[in-house]
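coords please:
(chains A and B)
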Amino acid sequence: MEIVKGIRPASDRSLHVSFGDEISMESYGAVMRLTRALAGARGILNLHPAYASVLVDFDPRLRTHEQIEALVRECLGAPDRAPAEQPRTIEIPVRYGGEFGPDLEDIARHTGFAAERVVELFGAAEYLVYFVGFSTCFPYLGGLPPELATPRLSAPRKHVPEGSVAIGGAQAGVYPLASPGGWRLLGRTALRLFDPQGAPPPLLRMGDRVRFVTEPLAGRLKERRA
Amino acid sequence: MSSIRVVSAGFLTTVQDLGRFGWAHFGVSASGAADPLALRAGNLLVGNAENAAALEMTLTGGEFEFERAATIALTGSDFSTDLPLWTAVEVKAGQTVRCGPSRSGARCYLCVRGSIGVPKVMGSASTHLMTGVGGRALRKGDVLPIGDQAVRRPRPGSTVPPFPVAGPLRVTDGPQADWFAGELYQAEYTISEESNRMGLRLRGAAIPSRSGHMLTEGVPLGAVQVPPDGQPIILFVEHQTTGGYPKPANVISADFWRLGQLRPRDRVRFERVSIERALKLMQEQEKWLYGI
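Sure thing, here's the model as predicted:
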């Protein structure tokens, strides 16, 4: 039995299932298992996994909150039958600093490291995609070396370019599309995380392991447009 | 196959059905018609399935030329057209349907018997403007195919929904309702010009919230979230799928269509109702739709 901390309606057509208010491997595991178990269940329209919760959107013409809650409890009580998936490891090539990472110097100043050392530490870590959300396929990455944690900008940028690799507090992430955003940008990847014309899934999914490797050559960003 | 040519696109016209479900775990919200009641009713009037793709016009409508004779219905707000609203009407080959500035709410739907025949992306024809999933806003000169997806005969006569657009927006408690002391229900708010299909930004008395530790969590359509500046935002059809602001309330399903008709500078109040009441109001709408 998982450690459910609370199940309550978020709206007249959704149920919020909470596993507490800490980011941990336990809550991550519970979120992952529940999301997998509920996928495709009748009347469920959308699942929103997050750090320590799953929001279940359902069709109120087909299901009640009580029925969804019973289903959630049943899923949580059942042994996890799904075979342990071999995690995928995805390498993301990054160009650091300069126009690609306008906040690299600020991150260096805040953390007290040289910019080169920030890049080295950032690239040495392995990250876990806790979940994908926000606006379109944004991967929330755990595993940032704690000494690199840097607060968000006090006022978000109106335009963060697609592919920006960023630090937000103790988290890391990559912007799949150009959007507003308040995280600190340390580099950019030419890898496309999300193609609106293509079918999902996006490149990065919940449970993937991620490594950032330094892009050796300049001028690669244009290739994606070709 | 017959088609529609966009003579002028109006302020913002997109192709919408009832939305793209099943992708929130990849961060893609459903999108879909901002006024789902008008879309469903319009489709039922012309003999389509209620989920068929139609044109959603915003604030000022466009002009659309029909290659061949077609059956259409205009639903939602009155966009200064000569044609009757909420009624299936015949248009002739070569006829142009002209819509203009709204005389009432924010959106008007042009539903066409057979459906707008654009390809589905991830299971839906809806345009998600922010991400480009499902295409883009229509432009002058675009040609849209008309499909052959009608499922029954058009309905005779006119069917105006008996649900008032005025009155407070009904909400149920959000997950962080106990962080707030009911301030949301005391003030009147104005819809800001910065509102769009992602969110309706409200301006009014700032709502203080007990500052607490909150992890990013999933957010549903209609969530009323309160950022640190205290000015509420109602998450709309192209909403983000996760967020970290507390949510005192959530607009009820039966009032989603009213969100789609709110215009900048409109004023709104909120009224708290129980989930049971919310579901009863939704069922009344379903019953009305079954009757079309």
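
for the rest of this, base every contact and every neighbour count on C-alpha atoms.
OK.

now check stretch A:138-149, is it near chain B?
Yes: remark: stretch A:138-149 sits within contact range of chain B at A:Phe138, by Cα under 8 Å from any Cα of the partner chain.

residues of the stretch 51-200 of chain B that sit close to chain A?
B:121-122, B:131-134, B:172-175.

again, only this time at 10 Å
With Cα under 10 Å from any Cα of the partner chain as the criterion, the stretch 51-200 of chain B meets chain A at residues B:121-123, B:128, B:130-135, B:171-177, B:198.

and the helix or strand of chain A with the lowest mean pLDDT, what does it pack onto?
In chain A, the helix or strand scored least confidently by mean pLDDT, DSSP states H and E is strand A:179-181, which has a mean of 83. For strand A:179-181, the elements it packs on are strand A:157-160, judged by 3 or more Cα pairs under 10 Å, 6 or more residues apart in numbering or on different chains; DSSP states H and E.

coming back round to it: now the buried members of the residues of the stretch 51-200 of chain B next to chain A.
Buried subset of these (neighbour count, 16 or more other Cα atoms under 10 Å in any protein chain shown): B:121-122, B:128, B:130-131, B:133-135, B:171-177, B:198.

ok, A:Gly169 - how many residues close by?
A:Gly169 has 16 neighbours, counted by other Cα atoms under 10 Å in any protein chain shown.

thought B:Thr87 was touching B:Arg155?
Yes: contact between B:Thr87 and B:Arg155 holds when scored by Cα atoms under 10 Å: they sit 8.1 Å apart.

joint contacts of these two?
B:45-46 (Cα atoms under 10 Å, 6 or more residues apart in numbering or on different chains).

so between those two, which is more surrounded?
Set B:Thr87 next to B:Arg155 and count neighbours by other Cα under 10 Å: B:Thr87 wins out with 22 against 15.

what pairs with that one across the strands?
Beta-bridge pairing for B:Thr87 (DSSP bridges): B:Ser158.

now do B:Arg5
B:Glu65, B:Val143.

could I get the pLDDT score of it?
Looking at B:Arg5, its pLDDT is 98.

so what's it up against?
For B:Arg5, counting by Cα under 10 Å, 6+ apart, the contacting residues are B:63-67, B:94, B:96, B:139-145.

quick one on the thing from earlier: the least confident helix or strand of chain A: which residues count as buried?
A:Gly181.

where does chain A have low pLDDT?
A:1-2, A:80-84, A:198-201, A:216-226 (pLDDT under 70).

ok, which stretches of it are helices?
A:25-38, A:65-77, A:104-111, A:115-124 (DSSP state H).

dump the shortest one to CSV, keeping only the CA atoms.
In CSV, the C-alpha atoms belonging to helix A:104-111 read as follows (Å, rounded to 0.1, in the frame of the first residue of the first chain):
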residue,chain,number,x,y,z
LEU,A,104,25.7,31.2,-17.0
GLU,A,105,27.8,34.0,-15.5
ASP,A,106,25.1,34.8,-13.0
ILE,A,107,24.9,31.1,-12.0
ALA,A,108,28.7,31.1,-11.6
ARG,A,109,28.5,34.3,-9.5
HIS,A,110,25.7,32.9,-7.3
THR,A,111,27.4,29.5,-6.8
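
name the residues of it that come out as buried.
A:104-105, A:107-108, A:111.
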